[in-house]
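>>> Got a predicted model here, sequence first, then my questions.
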Amino acid sequence: MLKKPEDLRSARWFAPDDLRSMGHRSRAMQMGWSEEDWQGKPVIAIINTWSDLSPCHHHLRDRADWVKRGILQAGGTPAELPVHDFAEQFLKPTSMLYRNLGAMEVEETLRSHPVDGVVLMGGCDKSTPALVMGAISMGLPFIFLPAGAMIRGNYAGQKLGSGTDVWKYWDERRAGNITRAEWEGVQGGIARSYGTCMTMGTASTMMSIAEAFGVTLPGASSIPAPDAAHKRMAAACGRRIIDMVWEDLTPDKIITPQSTRNAVTVAMATGCSTNAIIHLIAMARRAGIPLGLDDIDAIGRTIPVIANIRPSGTDYLMEDFYYAGGLPALMQELGDKLDLSVMTVSGQTLGESLAGARNYNADVIRPLTDPVYTEGSLAVLRGNLAPDGAVIKPAAMDAKFLTHKGPAIVADSYGELKEIIDDEDFPMTPDSVLVLRNAGPKGGPGMPEWGMIPMPKALLKQGHRDMVRLSDARMSGTSFGACILHVAPEAFIGGPLALLRTGDIIELHVPNRSLNMRVSDEELSQRRADWVAPPPKYGRGYGWMFAQHIEQADKGCDFDFLGTEFGAPVPEPEI
Ligand code: FES
Ligand code: MG
């Protein structure tokens, strides 16, 4: 049954004939609104992450106008509300420190304003989970409009992929193989339009995951940011959200255990960023779905990587993926590995929404019978070094390290690590395991993307381009290599990683999903007795609150008090 105008949430602000509502109406009129704007019409929040310091979201100021056009066409009233920009490339110490702050901002912005439905606009790494997490917790009907990826990079006739090619060219520069001028050519050619990174980094991964969850309109996650289709998609989101409000199509009808499974499945098939694991868990838990690392690993074992996009794939980028049919084509290739009966924001089931999808390039979107990598993108490891789990990306590393044994070289900070990798006389071999600790959620703080530890200069000059690296940090979704990440519990709070010493033998066995240090239990208890907790990173402010409430990587790094199980649901504000 459709909602009636008098049942609109915004009507509680604008409709009553009383003192407070008169104030709301007079202040709406102060902005030029008239009765036609509020009476019987849904008010739609456009949550905008545009800023002058967000290159990935630079077009969203313009796109908000296209969303507004759609809202007006369909008989609603748009209200653009700015939130944090989540500018991955500029935020220090790391944007991850602010994902939960952003999610809280979205939730409370929606709760406190007279709005009935929401269009979320974002896409740069943390923005998608932050926006979606906040909107799930608020519970109003919402559509996510992905910012879309930028066009392909280009330098000297070479196709360049965001992040991925920066790391590659940096290794060559450190090895002395390219000149400064060439390096600057890459700098000028790798980011040529607005939009997110165009590799299958965290941004493209998370936008794809949002579509697989059913919270975007069909195909929205693959449209390149500068394509005119992106404007049309923006307007379509504006039109559709009005229907969603009348249908009362709230997120609990869309984010379900079935759609969560679809989201994990699609993530694995795209060759997703390692960050996806943390965000998937956090998003699902916001909806009260207890997704864990082992659930993800189990799905990963059965789903091959079929998107041939860097860094897991060899050649292609997101623009190629769009031309090949984009995410709908990939989901169609997955067929019955997805639950096609789930509802999406389009008002159709996932199966219905995929009806017109076609794969136009079977080298970019591979059939299941000819995958890029035979298992899913990621694997979860456990052992005495990571009792609560760690993550590795077998799809984007040298396969010879899938089973490995080697001595640890341990750095307690990024500064210490940098000295080691730049010191050409530091004793190490290609079998050494470079370890960085105190870079987790509390230790980093915010779990920075330091996990793709740069290759040591000495090994680069010997011709090596990969080695086993290990940390409690994350790595960029555009990264690659034999990097063990997200070790939990982290060293800063006394996880076993804190007890590791240089020279200890580390054993990695990806097929068995194991990660151990060969140190006896007696020796470990001795070391634990000697361990001294490092001093806290913050004495006041947001960082202090973050440290009090941040959960470990295996729980999705949300704040404990934002989980559904923490307390009774927040009541609607009294008016
Ligand atoms: Fe924004 Fe990569 S920096 S998506
Ligand atoms: Mg990134």
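Cool, got the structure. Ligands and ions are numbered 1, 2, ... in the order given.
>>> Please count neighbours and contacts with C-alpha atoms only from this point.
OK.
>>> ok, Gly219 to Gly288 distance?
Using CA to CA, to the nearest Å, we find Gly219 at a distance of 27 Å from Gly288.
>>> Contact partners for the residue in the stretch 251-400 of the chain positioned nearest to ligand 1?
Nearest residue of the stretch 251-400 of the chain to ligand 1, counting by CA to the nearest ligand atom: Ser273, 11.5 Å away. Contacts were defined as CA atoms under 8 Å, 6 or more residues apart in numbering; by that measure Ser273 touches 200-202, 205, 476-478.
>>> doesn't Phe142 make contact with Met121?
No. Here Met121 does not reach Phe142: they are 10.7 Å apart, not a contact under CA atoms under 8 Å.
>>> Name the residue in the two with the higher neighbour count.
Taking neighbours as other CA atoms under 10 Å, Met121 and Phe142 compare with Phe142 leading, 30 against 26.
>>> which residues in the protein form strands?
43-48, 77-82, 117-122, 142-146, 153-155, 158-160, 379-383, 386-392, 403-411, 433-436, 469-471, 483-484, 505-509, 514-517 (DSSP state E).
>>> Distance to Asp7 and mean pLDDT for those strands - can I get that in a markdown table?
Shown next, in a markdown table, are these (distance: least, CA to CA, whole Å; pLDDT from 0 to 100):
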| stretch | distance to Asp7 | mean pLDDT |
| --- | --- | --- |
| strand 43-48 | 13 | 98 |
| strand 77-82 | 16 | 98 |
| strand 117-122 | 13 | 98 |
| strand 142-146 | 17 | 99 |
| strand 153-155 | 50 | 96 |
| strand 158-160 | 52 | 94 |
| strand 379-383 | 47 | 97 |
| strand 386-392 | 46 | 98 |
| strand 403-411 | 59 | 98 |
| strand 433-436 | 55 | 98 |
| strand 469-471 | 52 | 98 |
| strand 483-484 | 51 | 98 |
| strand 505-509 | 58 | 98 |
| strand 514-517 | 55 | 98 |
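>>> Could you tell me how far Ser127 is located from ligand 1?
9 Å (CA to the nearest ligand atom, to the nearest Å).
>>> Tell me which other helices or strands the lowest-mean-pLDDT helix or strand in the chain touches.
For the chain, counting by mean pLDDT, DSSP states H and E, helix 164-174 ranks last in confidence among helices and strands (a mean of 89). Helix 164-174 sits against helix 180-189, helix 457-461, with contacts defined as 3 or more CA pairs under 8 Å, 6 or more residues apart in numbering; DSSP states H and E.
>>> distance between that helix and the chain's centre?
Distance of helix 164-174 from its chain centroid, counting by CA atoms, centre = their mean, to the nearest Å, is 24 Å.
>>> How about stretch 14-25?
Per CA atoms, centre = their mean, the centroid offset for stretch 14-25 relative to its chain is 41 Å.
>>> Give me the contact list for it.
6, 13, 38-39, 575.
>>> Of the residues you listed, keep whichever come out buried.
13, 38-39 (16 or more other CA atoms under 10 Å).
>>> now those residues as JSON lines including distance to Ala390 and pLDDT?
Shown next, in JSON lines, are these (distance: CA to CA, whole Å; pLDDT from 0 to 100):
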{"residue": "Trp13", "distance to Ala390": "48", "pLDDT": "97"}
{"residue": "Trp38", "distance to Ala390": "51", "pLDDT": "95"}
{"residue": "Gln39", "distance to Ala390": "53", "pLDDT": "95"}
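>>> Select from those every entry located in helices.
Mapping those onto helices (DSSP state H) picks out 13, 38.
>>> Tell me the one of the buried ones among the contacts of stretch 14-25 nearest Gly70?
Comparing the buried ones among the contacts of stretch 14-25 against Gly70 with CA to CA places Trp38 closest, at 16.7 Å.
>>> now Asp422: how far from Ala408?
17 Å.
>>> Please identify which of these two sits among more neighbours.
Ranked by neighbour count (other CA under 10 Å), Asp422 and Ala408 place Ala408 first, with 23 against 15.
>>> wouldn't the more buried one be in contact with Asp504 here?
Yes. With contact defined as CA under 8 Å, Ala408 reaches Asp504; the gap is 5.5 Å.
>>> count of residues packed around the spatially closest residue to Tyr414 that is not a sequence neighbour?
Leaving aside its chain neighbours, Tyr414 sits nearest to Leu436 (7.1 Å; criterion: CA to CA, 6 or more residues apart in numbering). Using other CA under 10 Å, Leu436 has 27 neighbouring residues.
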